[in-house]
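Asker: show me how the following folds:
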Amino acid sequence: MKISTRGRYGLLAMIVLARRHGCGPISIKKIVQTQGLSHSYLEQILSPLRRAGLVRSVRGPEGGYHLSRSPADISVGDVLRVLEGPLVPVDCVDRETDEQVCERQDACSARPVWVSLRDSLTDVVDSISLQDLAENAAGTKAGESGRLRDNI
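Answerer: Numbers count the residues shown, from 1 in each chain. Reported below is the predicted structural model:
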């Protein structure tokens, strides 16, 4: 599985919002300046995050975007699922669909590998919050080694 530019840039933007949580909205222009992203592309990325309820937008001269809830309550998995869709290595292990996508699905010898890969990926991205990443980014900028959960 390969995470697209959309997922990577979206996560970077969400980390900026997490670091500023509680300080009011931040404009797309400021996010673009701090992360070196395209303004129009970032607008396209933030729109589905807003529709999914992960961010809120505020209009006006002091407007911008902010997280809709605490950064500790938003996982990397939450962000990636909105921007990338289901986090599965192959369609036959997608929990979101009940349809059989392969005629060999029930008898497939390789299926346990795909299930294990899906579960491992899910465990990792759901165990890391935006707060973890914001704290890690702050620690790295302060000269610390940066820290994430022990299971990574």
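
Asker: can you give me the helices for this structure?
Answerer: In the chain, the helices defined using DSSP state H lie at 5-19, 28-35, 39-51, 76-84, 111-127, 130-141.

Asker: mind checking which of these is nearest Ser70?
Answerer: Evaluated over these, closeness to Ser70 peaks at helix 130-141, with 7.2 Å, by Cβ to Cβ. Every residue, glycine included, has its C-beta placed from N, CA and C.

Asker: return that closest one as CSV; C-alpha atoms alone will do.
Answerer: Taking Å, rounded to 0.1, in the frame of the first residue of the first chain, the C-alpha atoms of helix 130-141 are listed here in CSV:
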residue,chain,number,x,y,z
LEU,A,130,-2.3,14.0,16.1
GLN,A,131,-1.3,15.0,19.6
ASP,A,132,1.5,12.4,19.5
LEU,A,133,2.7,13.8,16.1
ALA,A,134,2.4,17.4,17.3
GLU,A,135,4.4,16.6,20.4
ASN,A,136,7.0,14.7,18.4
ALA,A,137,7.3,17.6,16.0
ALA,A,138,7.7,20.1,18.8
GLY,A,139,10.4,17.8,20.5
THR,A,140,12.3,17.4,17.2
LYS,A,141,12.4,21.2,16.6
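
Asker: in that helix, what counts as buried?
Answerer: Going by neighbour count (16 or more other Cβ atoms under 10 Å), the buried part of helix 130-141 is 130-137.

Asker: circling back: tabulate the helices of the chain (a markdown table), appending distance to Val93 and mean pLDDT.
Answerer: As requested, these are exported to a markdown table (distance: least, Cβ to Cβ, whole Å; pLDDT from 0 to 100):
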| stretch | distance to Val93 | mean pLDDT |
| --- | --- | --- |
| helix 5-19 | 19 | 95 |
| helix 28-35 | 33 | 90 |
| helix 39-51 | 24 | 95 |
| helix 76-84 | 15 | 97 |
| helix 111-127 | 5 | 93 |
| helix 130-141 | 26 | 83 |
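
Asker: redo these as a markdown table? Include distance to Val101.
Answerer: Below are the helices of the chain laid out as a markdown table (distance: least, Cβ to Cβ, whole Å):
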| stretch | distance to Val101 |
| --- | --- |
| helix 5-19 | 22 |
| helix 28-35 | 36 |
| helix 39-51 | 24 |
| helix 76-84 | 18 |
| helix 111-127 | 12 |
| helix 130-141 | 32 |
